[in-house]
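Novice: build the 3D model from these lines:
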Amino acid sequence: MALVAVLASVPLILGFLGPAHPFFDSFAHFRAQLGAVTLIAGLMSVFAARGASRFVGGLATIVAMAALWTVSPYVTTYGSTASAQPQTYTLLQMNVFHGANLDAALDRIRTVAPDIVTLEEVTETGAARFAEVRDLYPFQRLCKASGYSPGQAILSRHPFIGAPPICRPESGFLAQRIEIDGAELTLVAQHLSWPWPHGQWEVVDALAPTLGTLDWPVMIGGDFNAAPWSASVRRYAARSGTSPVGGIGPTWMHPKLLDTIPFWVGLPIDNVLVSRGIHVVSAGTEAPTESDHLPVVVRFTIDNSFALGQSLTERARRCAANANAC
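Specialist: Okay, here's the model as predicted:
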């Protein structure tokens, strides 16, 4: 068991070097799973082994506990009573899987009855299916490249306002300004590419100028193909002036393993990020659809006193000119 603990702890530790290079960040996405294996193997070595193996097991246990502490805010659920806050709104985030039957996804939308929906892997056929709920969500936007390739969509009970949407199909990015009961919100649907050796970091860097000019408050729902504690998501959050929402938990499982392995063993790669001006009341997942991703539900309130139209770039400029404006 000491050998297992060592073998699991090596990639676990390498994941903490993620800010240095995307190669290391690829290990970070598996921190929860690697931490659990290291912890179990380490404890077994402590109680069953002797001598050096016992010492190694103790060190591995300490490393595992420290690593799991960093992921605990994101893999454990939390929430408060939404009924105590009448101005609570709901976001439903779903990667609907471009080849899946959408009946269950549409049923989930009707059941959850969110105010706004962010969707990924939406094809033209999928967009036509989501038009079936236009009576509930009269404001709908699709951003996709030409042809069969899937894209991102936003569905809303509340009207679209302001400038035209920002559609970057090559970066899996769609942004739309929305008015909710007199408050304004920039809503983003995001689908990032896979981690290294694919171009996840390159996409994040290419989006940096756009992310910095989004008017706050901002709410981003998407399939990031990255864990919320990863350097990739942290880079994205820093560029958009947002923070990952905790308490969602694992959301993805490989399609071939869906019938044999529970989702709680999966990866937490479907994330919601929020800026100042948005208070998260609760976060979690819903029952699965035909997708390999679980639906994510976040309930939130909007601070109406928050300065509208202030982007991260504008705030930095004001801070540079006058520290009292920060």
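
Novice: so where's the stretch 151-300 of the chain shaky on pLDDT?
Specialist: Residue ranges of the stretch 151-300 of the chain with pLDDT under 70: 255-260.

Novice: show me where it has strands.
Specialist: 151-156, 166-168, 173-180, 183-191, 218-223, 243-244, 270-274, 278-285, 296-302 (DSSP state E, counting those that start in this stretch).

Novice: low pLDDT regions in the stretch 1-150 of the chain?
Specialist: Confidence mapping of the stretch 1-150 of the chain against pLDDT under 70 gives the ranges 77-86, 146-148.

Novice: again, only using 50
Specialist: Applying pLDDT under 50 to the stretch 1-150 of the chain flags residues 80-84.

Novice: ok, and the closest non-adjacent residue to residue 248?
Specialist: Spatial nearest neighbour of residue 248, excluding adjacent residues (CB to CB, 6 or more residues apart in numbering): residue 283 at 5.1 Å. All C-beta spots, glycine's among them, are computed from the backbone N, C-alpha and C.

Novice: would you indicate which residues of the longest helix anywhere in the chain are buried?
Specialist: Secondary structure of the chain read by DSSP state H shows that its longest helix is helix 51-75. If you call a residue buried by 16 or more other CB atoms under 10 Å, then helix 51-75 has these buried ones: 53, 56-61, 63-64, 67-68, 71, 74-75.

Novice: stretch 232-249 now?
Specialist: For stretch 232-249, the neighbour count (16+ other CB under 10 Å) marks 232-237, 239-249 as buried.

Novice: which residues does the closest residue to residue 122 other than its chain neighbours contact?
Specialist: Take residue 122 and drop its neighbours on the chain: the residue closest to it by CB to CB, 6+ apart is residue 153, 4.5 Å away. By CB atoms under 8 Å, 6 or more residues apart in numbering, the contact list for residue 153 reads 117-119, 122, 126-127, 130, 140-143, 174, 189.

Novice: just these: which are in helices?
Specialist: Those of those mapping onto helices are 126-127, 130, per DSSP H.

Novice: ok, now how distant is the residue of the chain positioned farthest from its centre from residue 45?
Specialist: When distances are taken from the C-alpha mean of the chain, residue 51 lies farthest, 43.7 Å away, according to CA atoms, centre = their mean. Between residue 51 and residue 45 the computed distance is 11 Å (CB to CB, to the nearest Å).
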